[in-house]
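S.K.: Give me a 3D structure for the following:
(chains A and B)
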Amino acid sequence: MIVDVLRHLPDWVWLVPGLPLLALSITGLRALLGWTSGDAAEPLTARLCSLAALGSLLFLLALDLLALLDGVPGHRLLAYWFSGSNWQGTFSYLMDALSLSLATLVALIGWLVMRFSANYLHREAGFHRFFIILSFFLAGIQLVLLAGNGLLAFVGWEMCGMSSFLLIGYAWQRPVATGNALFAFVTNRGGDAGFLLALGLAASWLGSFDWAVINQPGTLSLVNARLLVLGFVIAALAKSAQLPFTPWISRALEGPTPSSAIFYGAVMVHAGVYLLLRLSPLLAQVPDVMLGLVAVGLLTAIYAWLCGLVQTDVKSALIFATVFQVALMIMAIGLGWTTLAEVHLGLHAAWRSWQFLLAPSWLVLTRGRPAPAPAWLRQRQWLYTAALQRFWLDKLAVDLLVKPTQSFAQDARGLEENFIDRLLGDPGRGKPVHAERPLIMADGLPGRALASVSELLERLENRLLLRGRGGAAEQMLHRLGNYLRIVENLLEQPRYLMMAVMATFVVIL
Amino acid sequence: MGAAANDLPIRQRLQHWVEHLTHVLPAQAPIRDFVHHNTLHGFQYLPFPEALAAAHRLTGAATYWPEARFQAAYAAGRITRDDLLQAFTDSTLEQLDQPILRALTRRDVLLASLLLPAAQGERRLDWNQREGLLANDAVFARCSVLTASNDIPAETWQESALQRWLALCARVGNQWTLRSLLEHLSGEDVLERVRTILQRHMAAHLDLGVAAWRNPAQAQGFFSAWRASAGLDLAWELDELPGVHDEIACLPADPLDVLISELGQLIPDEDLWPGYLERLALELPGWSGMFLWRDRNPARGDGTPVNMLDYLAVRVLLERLLCADLIRRLTGAPLEFDELRGYFASNLAEFYVRDALQGAPLSEDLQHRATHLLASGEGILAVDDDWQLLAEEIWQQQAVAGKRQRAVALYELLRGLEFSEGDTASLTTDDAQTLLEIAASLDPLARGQLWLQAYERHYREELFGALSANHGRHPPPASVSAQVILCMDDREEGTRRHLEEIAPTIVTYGAAGFFGVAMYWQGLDDAQRTALCPVVVRPEHLVRESARDAALGEQHAQRRENRLRWRERLYQGTRNSIWAAPALTALAAPGALAALLANTLAPVWIGDAVRRWRGQYERPVATRLQLTAEANAAPASAAVPRDGFDDQEQVDRVEAFLRSIGLTQDFAPLVLFLGHGSGSRNNPHLSAYDCGACSGRHGGPNGRVFAAMANRPEVRAGLLARGLEIPASCWFIAAEHNTCDDSVEWYDLDLVPPEFESALDTLVGQLAEACRAHAAERCRRLASAPPGVSPWQGFEHVRGRANDISQARPELGHATNAAAFIGRRAMSRGLFLDRRVFLVSYDPLADLSGQIIESVLLSVGPVGAGIALEYYFSTVDNEHFGCGSKITHNITGLFGVMEGADSDLRTGLPWQMVEIHEPMRLLVVVEQTTALLTEILSRQPALQELINNAWIILAAKDPLTATIEQYCPRRGWLPWSGSSVLPQVARSRDWFAGSSEPLAPAMLLGAA
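M.R.: Numbers count the residues shown, from 1 in each chain, chains lettered A, B, ... in the order given. Below is the predicted model of the structure:
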């Protein structure tokens, strides 16, 4: 009887990400209408968002019950999104033991953090903003966990990245916070590129984004499978802050304590691990990539352990401890111990959310100094310096990723200002085209063209007058020379060289 | 500071300069020992307004509430026109009654300018003008005409730029560092490049227990540790500072040599060095302050040598290296400071544009062009002509803007003065000029001071009115059922009031919460002793708590140790142990999830349950105090504190304290000493809520020790010999009041003789009821409490808060504290004072010589002023003096909090503690004659500093009549004559019900 009712549930699984989205839309609408000022507006926002999170949790619990009584529902195709020539995007969900157990845990933690935040953020200027972003995140992470295909998971993946960026920059008045938000955002784009690449390959080689199809053994050649899985692995490593992407997470602690807890302590940092678990059948086909995972995991574990030893603030100490254990999970996956990794993931998420939320209690919870570093390590000055500087990855990442991106933006702006704007012209900025006729003013190409035509006609009338040295022609040539020099200068910059190389790669692929 | 010591050798002078830094840097101890103190303690030698101005100049912090807040208070009737006029009269402004124009006096013009909304008005006008709404406004047109003529620029932009540049250069060494100058020029902060790693080095050096791995060179001091690491750091190369490695390698070993030689390279003029070091230290005030505190308190650290000069040497070295690099990039040549001065003096156009970009409000268009020019400054497009052209345009634009600004200012002022169109038309240019000059004669600081005085006066009038109306209303009750002595804490005003309303036969007293017993205390579960007395006192005695049954105590200690060891293993092991981390995580995870769930859904239940389980596991043990010293013990001293007090010392303390609060006869059957502390969860600023008179700890043990002393027959006999008779029908008892959840913990109930038991039962019940009523009163100011709660609901609510891990405001602490009354309770009994007043008991009639009041003032004055002023400054500029919002706080090194993982160390009070505070100076009303007070004031320099410099306001209420006089440092005692009509209600509840705002005093008729 109960089972009959429950059997309808899998068709409504979209409610799990849908409810938080609904809550955030209502809250967002209230904010837009200006109904969110003062103490009185807070409870509604907080209750609505927690209710949505609770709704997701209860729904998942019901699904779990169904899975226990009647077996897991498995893959469900709910709707078509769009379709291309030989592939299609769908709203399909995969409800198996892996996704249901983790989704339930995440929903529980999400709901608890929502409840926590209601008091914690009382009277903060960003109260409603925080709840909107947190709901957005919950929807995103549930999409990642429950999606039946890569494309839908990618949407969730991006929602997580976006909300993470927004919450690191929660205290946007502080330059450090916004700088770190940007850093995390840019670094994570590296992972997204991997995800996109893998999706693109899946579309062209398999004609489907479904996990089931991607995971099916024997459909892909080894080389193709390796390339496909590498894309996903890069995405997973970036999201789970494994080497070389680790620096972003240690700079992500600028947000309020509950957001640090759910994003970097408990939930989002495990998204990469989940992705790899989801793809474990595909991974099993490419042992060399698994070996690579073991290596990356090992290196990250060593890195995080060393850095964790020298940390002097509680949140940083905890984040390196988190990365350490996530690295162990990656290693376990590399060794093929997926069940262990899955269990570890769940337990670790639960413990860290508690520990992060209690970070302000550290003075009360601990008695004094932790056990000192091992004796062989204690006197190594170079290693100490490296650990304190986090092996300079931070700076390297800034130099290699953030700065070039900023320069791109600057160049693009320069291009617009120096060429495009001048070409199009600004209203009200017209300059006399001709010194003797100050009333005719023009700016930009169209304006000047028009002015020139009229002038040309006039000139025809007055016959052409030749101009000597120092006239307009030479000035123009001079200016052209200047521009060419700028372009040449730009091309000499390494970033454009890199871009050229990348472009070549893209063409080859 | 250095002038007198100029001929000393440089090393000694450096020590003097470091000594001076203790006056300007935050003096906050590690956060476990948070004690309230005047944030501007280093400026206390100056009169209040001057000190605030000096602090503002030094740190750039706002030292008064924003004018908008004062104006809101004006609009809400919390400041009246009368208050403002009185503030003018009390100020040092002159010629206030001088007629300016027609019937207008200078006072009228100033008042009108004070009431003008600052800045906002200009923006609104700006908008109006853009929208064309002002085009037809005849008054505005007239204003433009009136202000147009007298603004022909007297100089060219080159002259003004040169002057400005030289002025900026002169700031280096007293208001600025070279870094600030370069930041002003280029918009680039060179400190930003190394700040993160520098902070990590400092945190690692000062760490008190987070890091497991310390710098191997740490034992040689900060400079050596930093040098050892910086020499190996690859970041210099990554930052394109390749020469730095060699420079660090070649540094002398002695940080002092480094400091002196680097300072010489940075700033050749030695006179500027002390100022320069001060500025440098103030750039990271939190970190510098903590470094200096550890330097000054070596015993309170962990044995790591901490020397302020080490830190300064590193800062100066980095400053020189990084500034040299920026100068090179800015000018293309490695210039010294003097050369830099010459460089921009000859490139004035470039300077002018850079300066305008940083300071002046430029139009978007010009701003854009200037930024662009700066960005391409090192490229190939920037030529001198571009700078010149832009400078010219900026000059033009600013001239126009200045003109409009004056017109706007005049327009607003005339509106404030209610000038009609006709009045305006007859104004002359000179009139306009005069009006504007007068209005501008008040700088923002002077305006702030006037507003503050008016604001304080408004509340003061209410209080004086209440005191005067309450005079003689309360003769002492005929029979007293109990005497309750509480801390003077403003929060306890509510407890006392409710207790008296519930039990009219109870008499309450207030005193500094250590009850005259300065001691070290080591409770049964404490690993170390802690000082329970005001911070300035060094105790000479140690009192231990021990188990009554030694075997049970042993078992308790063992089990407790087990529990703590496991907790330690769990929290530390899951973060930096390789093998145990995953195992412990797996082990603890289900419990953690369950705990999180329980804490979210039922915080009170789980809090109680955990306490119960813990108690059951550890076995509760009855304890005793080791109070009395052994007969042959060595004499007590601060250096070697002795275990216990001897009989003589006990008699001294009991007698002195009872005499100071005026409790020398008519002892009730029960005398309760009620200390206080605050218990909340997940709160790094825990000790900021505790008892300030006990160094930010719980004051219960002091009460317990006092009661135990006073109950000893030997002590009573000693007291009798001194004429203080405590009858056998009187028993002393102690308890601790938790100000967060309003619960009470009673001590030594098993020692109470049976004949007192029924009286005790009654008292316990009455106190619990009073606490519940008090909880309900507190709820009115808590936004998340339901409105109009009953005492039981209120009690449940505050219990929930105390147990809630997500609560950033477990209680509101001393917020809204505003005054202190020193006198008999009859003075204030039956008044509703809204938990805003410190209440100190003192019997003026038993103190004819003034000895008691002198010592009370000396101890209460600084404590009260410290609390009030810390709240004041954290409120007026939470960014500078406070520590910002709690929600991004991150505990660092177990000694402080940062915002996020990379910021300055934040000192002062968090915003959540002060958001409802009303910043004003403490008004101290003493029930004593003015003659006696004048006498005391004249012989106590500490009080002179506080009172004559107006850090607190002193007033006297005559012991026998209702006369009140206020002390003015300039004019002496001024009799008060105001209205003493007061709203009257039956009980507190009738007055506060339904209101969530601060309430004026009221008279409670029901309370007898």
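S.K.: contacting residues for the residue of the stretch 601-750 of chain B found nearest chain A?
M.R.: Minimum separation of the stretch 601-750 of chain B from chain A (C-beta to the nearest C-beta) falls at B:N682, amounting to 4.7 Å. C-beta coordinates here come from the backbone N, C-alpha and C atoms, glycine included. Residues in contact with B:N682, defined by C-beta atoms under 8 Å, 6 or more residues apart in numbering or on different chains, are A:L357, A:L358, A:P360, A:S361, B:I805, B:S806, B:Q807.
S.K.: Now the phi/psi pair for the residue lying closest to B:G864 once chain neighbours are set aside, please.
M.R.: In space, and not counting its chain neighbours, B:G864 is closest to B:A820: 4.8 Å by C-beta to C-beta, 6 or more residues apart in numbering or on different chains. Main-chain dihedrals, B:A820, degrees, to the nearest 10: phi -140, psi 130.
S.K.: quick one: pLDDT of residue 403?
M.R.: This is for chain A. The model reports A:K403 with a pLDDT of 78.
S.K.: Switch to chain B, please.
M.R.: Looking at B:K403, the pLDDT reads 77.
S.K.: Report pLDDT for A:L480.
M.R.: Per the predicted model, pLDDT is 81 at A:L480.
S.K.: Now do it: how many residues are near it, please.
M.R.: 10 (other C-beta atoms under 10 Å in any protein chain shown).
S.K.: likewise B:F838?
M.R.: B:F838 has 27 neighbouring residues, counting by other C-beta under 10 Å.
S.K.: now the nearest residue to it once chain neighbours are set aside, which residues is it bridged with?
M.R.: Distance criterion C-beta to C-beta, 6+ apart; nearest residue to B:F838, sequence neighbours excluded, is B:A820 at 3.8 Å. Beta bridges link B:A820 to B:F838, B:V924 when assigned by DSSP bridges.
S.K.: So B:A768 versus B:A204, what's the distance?
M.R.: 49 Å (C-beta to C-beta, to the nearest Å).
S.K.: oh, I was asking about A:W354
M.R.: Distance, A:W354 to B:A204, using C-beta to C-beta: 27 Å.
S.K.: Can you tell me which of the contacts of B:N682 are buried?
M.R.: For these, a neighbour count by 16 or more other C-beta atoms under 10 Å in any protein chain shown gives the buried set as A:L357, A:L358, A:P360, A:S361, B:I805, B:S806, B:Q807.
S.K.: In what element of secondary structure is the closest residue to the third one other than its chain neighbours found?
M.R.: I take that to be A:P360. Of all residues beyond its chain neighbours, the one nearest A:P360 is B:N682 (4.7 Å), with distances taken as C-beta to C-beta, 6+ apart. Assigned by DSSP states H and E, B:N682 belongs to no helix or strand.
S.K.: backbone phi and psi for B:N682, please?
M.R.: B:N682 adopts backbone torsions of phi 60, psi 40, taken as degrees, to the nearest 10.
S.K.: cool, A:D313 as well?
M.R.: The phi/psi pair for A:D313 (degrees, to the nearest 10) is phi -110, psi 150.
S.K.: show me what contacts it?
M.R.: Counting by C-beta under 8 Å, 6+ apart, A:D313 touches B:A203, B:V210, B:N890, B:I891, B:T892, B:G893, B:M898, B:A901.
S.K.: Just confirm the fourth one is within a strand.
M.R.: This means B:I891. Yes - counting by DSSP: H, G, I helix; E, B strand; the rest coil, B:I891 is found in a strand.
S.K.: Could you double-check that it sits in contact with A:T366?
M.R.: No - counting by C-beta atoms under 8 Å, A:T366 is not a contact partner of B:I891; they are 10.1 Å apart.
S.K.: Compare these two (neighbour count), which wins?
M.R.: B:I891 (22 against 19).
S.K.: What about the contacts of A:D313, which one has the most neighbours?
M.R.: Ranked by neighbour count under the definition other C-beta under 10 Å, these are headed by B:T892 with 32 neighbours.
S.K.: Give the buried residues for stretch B:786-797.
M.R.: Neighbour counts over stretch B:786-797 (16+ other C-beta under 10 Å) mark B:V789, B:P791, B:Q793, B:G794, B:F795, B:E796, B:H797 as buried.
S.K.: I'd like the distance from whichever residue of the stretch 401-509 of chain A sits closest to chain B to A:L415, if you could.
M.R.: At 6.6 Å from chain B, A:R485 is the closest residue in the stretch 401-509 of chain A, using C-beta to the nearest C-beta. The gap separating A:R485 from A:L415 is 15 Å, by C-beta to C-beta.
S.K.: With A:A193 instead?
M.R.: As judged by C-beta to C-beta, A:A193 and A:L415 stand 23 Å apart.
S.K.: quick one: contacts for B:L93?
M.R.: B:L110.
S.K.: Can you tell me how far it is from B:L104?
M.R.: On the measure of C-beta to C-beta, B:L93 and B:L104 end up 16 Å apart.
S.K.: Quick check, central residue of the chain?
M.R.: Using chain A here. Nearest to the mean C-alpha position of chain A, counting by C-alpha atoms, centre = their mean, stands A:G161 at 2.9 Å.
S.K.: switch to chain B, that's the one I care about
M.R.: B:E870 (2.2 Å).
S.K.: helix or strand for that one, which one?
M.R.: Since the elements are taken from DSSP H and E, B:E870 ends up inside helix B:851-876.
S.K.: and residue 336, how many residues sit next to it?
M.R.: Because you didn't say which chain, this covers chain A. 15.
S.K.: my question was about chain B
M.R.: That count, for B:E336 with other C-beta under 10 Å as the rule, works out to 14.
S.K.: Equivalent analysis for the one 10 residues further on, please.
M.R.: B:S346 sits with 9 neighbouring residues when counted by other C-beta under 10 Å.
S.K.: cool, and the one 10 residues further on?
M.R.: When neighbours are defined as other C-beta under 10 Å, B:A356 has 24 of them.
S.K.: Likewise for the one 3 residues further on?
M.R.: Burial measure for B:G359: 11 neighbouring residues, criterion other C-beta under 10 Å.
S.K.: list the contacts for the closest residue to chain A within the stretch 851-1000 of chain B?
M.R.: As assessed by C-beta to the nearest C-beta, chain A sits closest to B:G900 within the stretch 851-1000 of chain B, at 3.7 Å. Counting by C-beta under 8 Å, 6+ apart, B:G900 makes contact with A:A171, A:R174, A:V176, A:A177, A:N180, A:L253, A:E254, A:G255, A:K315, B:T888, B:N890.
S.K.: what's the most distant pair in the residues you listed?
M.R.: Spatial extent of these (C-beta to C-beta) is set by the pair A:R174 and A:K315 at 15.3 Å.
S.K.: what's the longest helix along chain B packed up against?
M.R.: Across chain B, the helix with the greatest residue count (assigned by DSSP state H) is helix B:384-416. Counting contacts by 3 or more C-beta pairs under 8 Å, 6 or more residues apart in numbering or on different chains; DSSP states H and E, helix B:384-416 packs against helix B:106-115, helix B:120-130, helix B:138-148, helix B:157-171, helix B:348-358, helix B:364-375, helix B:429-440.
S.K.: Next, report how far stretch B:266-278 is displaced from the centre of its chain.
M.R.: Relative to its chain's centre, stretch B:266-278 lies at 30 Å (C-alpha atoms, centre = their mean, to the nearest Å).
S.K.: quick one: buried residues of that stretch?
M.R.: For stretch B:266-278, using 16+ other C-beta under 10 Å, the buried residues are B:L266, B:I267, B:L272, B:W273, B:P274, B:G275, B:Y276, B:L277, B:E278.
S.K.: Next: stretch B:646-658.
M.R.: Neighbour-count burial for stretch B:646-658, counted by 16+ other C-beta under 10 Å, picks out B:D646, B:D647, B:E649, B:Q650, B:V651, B:D652, B:R653, B:V654, B:E655, B:F657, B:L658.
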